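> got a sequence here, can you build the structure:
(chains A and B)
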Amino acid sequence: MVSVESPPVEKAATPAPRVRLLKTEVSRRTAWILRTASVAVPFAGWWLLSVSGLVSDRFLPAPPEVWAAFTEMAASGDLQGDLLASLGRIGAGLGLAILISVPLGFLMGTVGWAQPLCEPIIGILRYLPASAFIPLLIIWLGIGETSKIALLVIGVVFFNTLMTADVVRQVPRRLLDVSATLGAGRARVAARVVFPYSLPGILDALRVNAAVAWNLVVVAELIAATSGLGYRITRAQRFLQTDRIFAILIVIGLIGLTIDITLRILRARVGRWSV
Amino acid sequence: MSLRFENVSMEYQKDRPVLERIDLEVPAGEFVTVVGASGSGKSTLLSLVAGLVRATRGRITLDGQTIEGPGPDRGMAFQSPSLYPWRTVAQNVAFGLETRGFSRQARKERVEWLLEEVGLTEHAHKLPGSLSGGQQQRVSIARALARSPKVLLLDEPFGALDVQTKEDMQLFIRQVWQDLGTTVVMVTHDVEEAVFLGRRVLVLASDPGRVARDLRVELPGTGLEVKRTAEFLTLRAQVEDLVRREHRAHLAGARA
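The predicted structure is shown next:
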């Protein structure tokens, strides 16, 4: 009889420790705690520092004073007026920039000649800081609305064009081939294949550039304006009203956050398929 | 009524022919599989029929009409299913029907019928991302069939699937072919698949691509069990030897 030696019984394995990768994850609960802390800790720090007496009230007003300044400005209606002025500018400037940059980027991403024709000049122009154009724009267009909208367009259009072109270029070749075999001509492929495929990426680019645009509105208003949140800051500076400056800065931040969240939600709806 | 290659040559770069002097006739309703080493221009052959590229010399005709571009008489599916990820399964299948004057009702009925044929009726309203690889490939084939093409072109359609799914899909495509009577030209690198599905197997030679052998296949059965018969194994070995020889020649040529 042949005896077969049975292999030694393996010891019940203790769960092998997972290799620690560079990217680690935390639980949902921890994530929420950290999110809250991310805002609450600096806020508490500000409050403590302002009441500690280490810094003069003139330089660092306490949160209640800032809140008081906020309600005062809101009650007078100044804040609402300025907010609308600033929002109107970003709406017009960003809207115009989108109208130029999305079609242009689309063209660069699809049609062979558009890329070599446009990329070099746009590549140079986008490295010129938009705010450096302010003096020139005031000379050219005066201190009215036009110069502010022009600044936004200059600040956004070049980046958004190149980012759109990059997104559009990533449509897989095979998808274009398939569409051609299904009888779609170039116009139909552009409208029904390339555009929907690129839309989530176009919105991603827009979200990045909307932040730039919002910054530029305030910068433009700081320098030359008679309304807007930036203008309100320069006025407050003249009277050393740091509490008002703080209140406006917080409003600016919250509006920026709102724009970001809105675009994020839009992106999530449009790009449900792309995850 | 057939697909004809008349002295077709194709080169993407000057004096680097990918296909040379292809003369071929595929009668209507035939299932042809094409195998060959890399560099034999298998995929180019299909792209030419699809009208995605134009032959440098010679011409290809379908029922006497010269092929000059894509057309509703030919449908194509690729190895990567290349579905429109934002469209539901039904909307993917309908894409080709939106380009011609189909009424909404006619389109709907056609899509329903196709989904029934490929067994995806219950998945009609899902997005492709939630389907398995085999299901995605079924959608891709249904989409290619939407405009009732005379010729269905398949470029390694099951190359990325696992073995079990692949066999299911082989039976599936055979059934589709039998139901619809469409001519099928299928490129594959899997010799077993080529011999199992093709009523005719073309072995292409490389550098430049040309038809090295044109084999007629007659097997004692149609089910998967036929893959174990002596006839099948002999034929398979024969084709494998041919492909291997071409592959070696290709490597030797590359070294020279």
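
> which stretches in the chain count as strands?
Using chain A. Assigned strands in chain A: none (criterion: DSSP state E).

> nope, chain B please
B:2-13, B:16-27, B:31-36, B:57-62, B:65-66, B:74-77, B:151-155, B:183-187, B:200-205, B:210-216.

> may I see the buried residues of the third one?
Looking back up the chat, that one is strand B:31-36. B:31-36 (16 or more other CB atoms under 10 Å in any protein chain shown). No exception for glycine: its C-beta is placed from N, CA and C like everyone else's.

> what stretches of chain B score poorly on pLDDT?
B:1, B:99-100, B:254-256 (pLDDT under 70).

> for it, list the residues in contact with chain A, please.
B:47, B:50-52, B:70-72, B:74-76, B:78, B:80, B:82, B:84-86, B:95-96, B:98-100, B:127, B:129, B:140, B:143-144, B:146-147 (CB under 8 Å from any CB of the partner chain).

> okay, the lowest-mean-pLDDT helix or strand in chain A in PDB with CA atoms only?
Every helix and strand in chain A was compared by mean pLDDT, DSSP states H and E; the lowest is helix A:134-141, with a mean of 90. What follows is helix A:134-141, C-alpha atoms only, in PDB (Å, rounded to 0.1, in the frame of the first residue of the first chain):
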ATOM      1  CA  ILE A 134      -5.900  96.600 -15.400                       C
ATOM      2  CA  PRO A 135      -4.000  99.800 -16.100                       C
ATOM      3  CA  LEU A 136      -4.100  99.200 -19.800                       C
ATOM      4  CA  LEU A 137      -7.800  98.300 -19.700                       C
ATOM      5  CA  ILE A 138      -8.600 101.500 -17.800                       C
ATOM      6  CA  ILE A 139      -6.700 103.600 -20.400                       C
ATOM      7  CA  TRP A 140      -8.500 101.800 -23.200                       C
ATOM      8  CA  LEU A 141     -11.900 101.300 -21.800                       C
END
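
> hmm, who's touching that helix?
For helix A:134-141, contacts defined as CB atoms under 8 Å, 6 or more residues apart in numbering or on different chains pick out A:147, A:150-151, A:154, A:219-220, A:223-224.

> which of those come close to chain B?
Counting by CB under 8 Å from any CB, no member of those is near chain B.

> inside helices: which ones of those?
Under the assignment DSSP state H, the contacts of helix A:134-141 contribute A:147, A:150-151, A:154, A:219-220, A:223 to helices.

> okay, among those, which ones form the most distant pair?
A:Ile154 and A:Ile223 (14.5 Å; CB to CB).

> of those two, which one has the most company?
For A:Ile154 and A:Ile223, the more surrounded residue by other CB atoms under 10 Å in any protein chain shown is A:Ile154, and the numbers stand at 23 against 18.

> wait, isn't the more buried one in contact with A:Ser131?
No. With contacts counted by CB atoms under 8 Å, A:Ile154 stays clear of A:Ser131, the gap being 9.6 Å.

> phi and psi next, for B:Pro220.
Recorded main-chain torsions at B:Pro220 are phi -70, psi 10, according to degrees, to the nearest 10.

> how about the residue nearest in space to the middle of chain B: what's its closest non-neighbour residue?
With the centre of chain B defined as its mean C-alpha position, the nearest residue by CA atoms, centre = their mean is B:Leu154, 2.0 Å away. In space, and not counting its chain neighbours, B:Leu154 is closest to B:Met186: 4.1 Å by CB to CB, 6 or more residues apart in numbering or on different chains.

> what of A:Ile245?
Using CB to CB, 6+ apart, the nearest residue to A:Ile245 is A:Ala236, at 4.9 Å.

> now do that neighbour against A:Thr226, distance only.
15 Å (CB to CB, to the nearest Å).

> so between the two, which is more surrounded?
A:Ala236 (19 against 10).

> for the stretch 1-150 of chain B, what spans make up the helices?
For the stretch 1-150 of chain B, the helices defined by DSSP state H, counting those that start in this stretch cover B:42-50, B:89-94, B:104-118, B:133-145.

> picking up where we left off before, from the buried residues of strand B:31-36, pick the one nearest A:Val168.
B:Val34 (34.3 Å).

> beta partners of the closest one?
Going by DSSP bridges, B:Val34 is paired in beta bridges with B:Val187, B:Leu202.

> how close does it sit to B:Thr188?
7 Å.

> joint contacts of the two?
Common neighbours of B:Val34 and B:Thr188 (CB under 8 Å, 6+ apart) are B:Ala194.

> gap between the residue nearest to A:Trp46 when sequence neighbours are not counted and chain B?
Leaving out its chain neighbours, the residue that sits closest to A:Trp46 by CB to CB, 6+ apart is A:Pro63, at 7.0 Å. From A:Pro63 across to chain B, the span is 46 Å (CB to the nearest CB, to the nearest Å).

> follow-up on the earlier one: tell me which residues of the least confident helix or strand of chain A come out buried.
For helix A:134-141, by 16+ other CB under 10 Å, it's A:134, A:137-138.

> nearest to chain B, of those residues?
A:Leu137 (40.3 Å; CB to the nearest CB).

> skipping its backbone neighbours, what lies nearest the closest one in space?
A:Ser147 (4.2 Å).

> once you drop chain neighbours, what's closest to B:Leu153?
B:Met76 is the one closest to B:Leu153 (CB to CB, 6+ apart), at 4.3 Å.

> contacts only, for that neighbour.
By CB under 8 Å, 6+ apart, the neighbours of B:Met76 are A:177-178, A:181, B:46, B:50, B:144, B:152-155.

> what does B:Asp23 give?
B:5-8, B:211.

> one more time with 6 Å
B:Asp23 makes contacts with B:Phe5, as judged by CB atoms under 6 Å, 6 or more residues apart in numbering or on different chains.

> got it, and B:Glu231?
B:Pro220.

> separation between it and chain A?
Counting by CB to the nearest CB, the gap from B:Glu231 to chain A is 36 Å.

> give me the distance between the residue nearest to A:Ile245 and chain B.
48 Å.

> also A:Gly144?
43 Å.

> give the phi and psi angles for that residue, as a check.
The phi/psi pair for A:Gly144 (degrees, to the nearest 10) is phi -80, psi -160.

> quick check: it vs B:Arg147, distance?
57 Å.

> can you pick the most crowded of the contacts of helix A:134-141?
A:Ala220 (30 neighbours).

> burial measure for the residue found closest to it once you drop the neighbours it is linked to in the chain, as a count.
With sequence-adjacent residues excluded and distances taken as CB to CB, 6+ apart, A:Ala220 is closest to A:Lys148, at 4.4 Å. By other CB under 10 Å, the residues close to A:Lys148 number 31.

> hang on, A:Lys148 packs against A:Arg89?
Yes. Counting by CB atoms under 6 Å, A:Arg89 is a contact partner of A:Lys148 at 5.3 Å.
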